[in-house]
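K.L.:
3D, please:
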Amino acid sequence: MNGTHIYLDGLVELEQYKFLYFVAILTAYFLIVFFNCTIVYLICVHKNLHEPMYILIAALLLNSVLFSSVIFPKLLVDVLSEKQTISLSGCFCQFNFFYSLGGSEFLLLTAMAYDRYVSICKPLQYHTIMTNATVSILLLVAWILPAYVQIIRDLVILLNIAFLPLIFILFSYIRILLITFQSSKEMKTKAAQTCLPHVVVLINFSCLCAFDVITIQLESNLPNTVRLLMNLQVVMCPPLFNPIIYGLKMKDISKPLHRLFFPQKVIQ
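P.N.:
Numbering: from 1, shown residues only. Next comes the predicted model:
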């Protein structure tokens with residue numbers, strides 16, 4: 001590190017296979033953008049998907065693209081560079097965007113849990129509670145709050161954008177589980193179809209975040225290449241698999257998705 005730039009050593013061991021890593025990372029980034037933008041496009045063009053649940057899914061997938069874009073373009077440049085450097089201002093900017101969008105991911109998952117809670121536990125009040133204004137407020141809070149709390153101490157940041165949302169999410173799904181156990185078979189099926197993808201996405205993202213924190217604590221004992229690949233999981237796996245989960249598991253999305261790529265066939 002000098003007065004204006006930071007020299008990175010995490011990619012040094014990739015020199016021998018840099019073109020292979022470049023192609024692999026570029027392919028992953030392309031698939032992330034393509035998969036997520038495809039689902040967002042379908043939600044935008046199909047009016048029957050202009051519901052709070054699908055709007056929140058679109059917001060989550062769009063956030064995933066932005067989250068990945070904070071890391072992948074710079075990483076692609078670094079893989080092909082002889083020396084990996086970043087300016088202090090660039091590092092600070094990347095750091096802020098990374099943690100802000102990561103916090104937004106948790107808050108969007110919280111909003112989705114709230115939407116499912118209202119839909120299943122208070123179905124008669126759903127359209128009164130989940131109005132366009134409510135959804136807009138949830139989206140604004142999810143994207144603005146993490147950027148504002150960057151100036152607060154790390155413990156408060158963790159409390160606001162991770163711990164409290166996680167507690168609320170767990171409360172919501174426990175309530176949903178208790179309600180569905182007392183409901184009809186049709187209600188149980190509907191709850192499973194709409195909640196299971198959200199739960200899978202939540203578990204995936206939470207585990208990877210915890211995994212990322214653990215690797216930071218152990219990074220001094222790990223080779224640079226292993227550290228790099230482990231740290232990439234949090235920006236690669238959720239953005240890559242979330243649209244697949246929603247595209248395959250949610251019928252209202254899977255039908256137009258199938259028609260988009262296989263127009264000659266129709267799903268019943």
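
K.L.:
same question for the helix or strand harbouring residue 23, mean pLDDT?
P.N.:
Per DSSP states H and E, residue 23 falls inside helix 18-45. The average pLDDT for helix 18-45 rounds to 91.

K.L.:
List the buried residues for it?
P.N.:
Judged by neighbour count using 16 or more other Cβ atoms under 10 Å, the buried positions of helix 18-45 are 21-22, 25, 28-29, 32-33, 35-36, 38-40, 42-43. Backbone N, C-alpha and C define where each C-beta goes, glycine included.

K.L.:
Could you tell me how far the residue nearest in space to the middle of the chain is located from residue 245?
P.N.:
Centre of the chain computed as the mean C-alpha position; nearest residue by Cα atoms, centre = their mean is residue 64, 4.5 Å away. From residue 64 over to residue 245 the distance is 12 Å, taken as Cβ to Cβ, to the nearest Å.

K.L.:
Could you do residue 20 as well?
P.N.:
Counting by Cβ to Cβ, the gap from residue 20 to residue 245 is 28 Å.

K.L.:
ok, now residue 193?
P.N.:
Taking Cβ to Cβ, one finds residue 193 at 12 Å from residue 245.

K.L.:
Which one's more surrounded, those two?
P.N.:
Taking neighbours as other Cβ atoms under 10 Å, residue 193 and residue 245 compare with residue 245 leading, 16 against 13.

K.L.:
SS state for the more buried one?
P.N.:
Following DSSP: H, G, I helix; E, B strand; the rest coil, residue 245 is assigned to helix.

K.L.:
Next, the contact list for it, please.
P.N.:
197, 200-201 (Cβ atoms under 8 Å, 6 or more residues apart in numbering).

K.L.:
Mind checking which of the residues you listed are in helices?
P.N.:
Residues of these located in helices (DSSP state H): 197, 200-201.

K.L.:
ok, back up a step: quick check on the contacts of residue 245: which are buried?
P.N.:
For the contacts of residue 245, a burial check counting by 16+ other Cβ under 10 Å picks out 197, 201.

K.L.:
wait, which of the ones in helices among the contacts of residue 245 is closest to residue 92?
P.N.:
residue 201 (29.6 Å; Cβ to Cβ).

K.L.:
what separates that closest one from residue 125, distance-wise?
P.N.:
26 Å.

K.L.:
now swap in residue 66 and tell me
P.N.:
Distance from residue 66 to residue 125, by Cβ to Cβ: 33 Å.

K.L.:
can I get the contacts of residue 245 in TSV with pLDDT and distance to residue 87?
P.N.:
Below are the contacts of residue 245 laid out as TSV (pLDDT from 0 to 100; distance: Cβ to Cβ, whole Å):
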residue	pLDDT	distance to residue 87
197	83	40
200	81	39
201	82	34
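
K.L.:
What is the nearest of the contacts of residue 245 to residue 71?
P.N.:
Distances from residue 71 to these, taken by Cβ to Cβ, are shortest for residue 201, at 19.4 Å.

K.L.:
quick one: contacts for the closest residue to residue 33 other than its chain neighbours?
P.N.:
Once flanking residues are discounted, residue 33 sits nearest to residue 65: 5.8 Å by Cβ to Cβ, 6 or more residues apart in numbering. By Cβ under 8 Å, 6+ apart, residue 65 lies in contact with 32-33, 36-37, 239.
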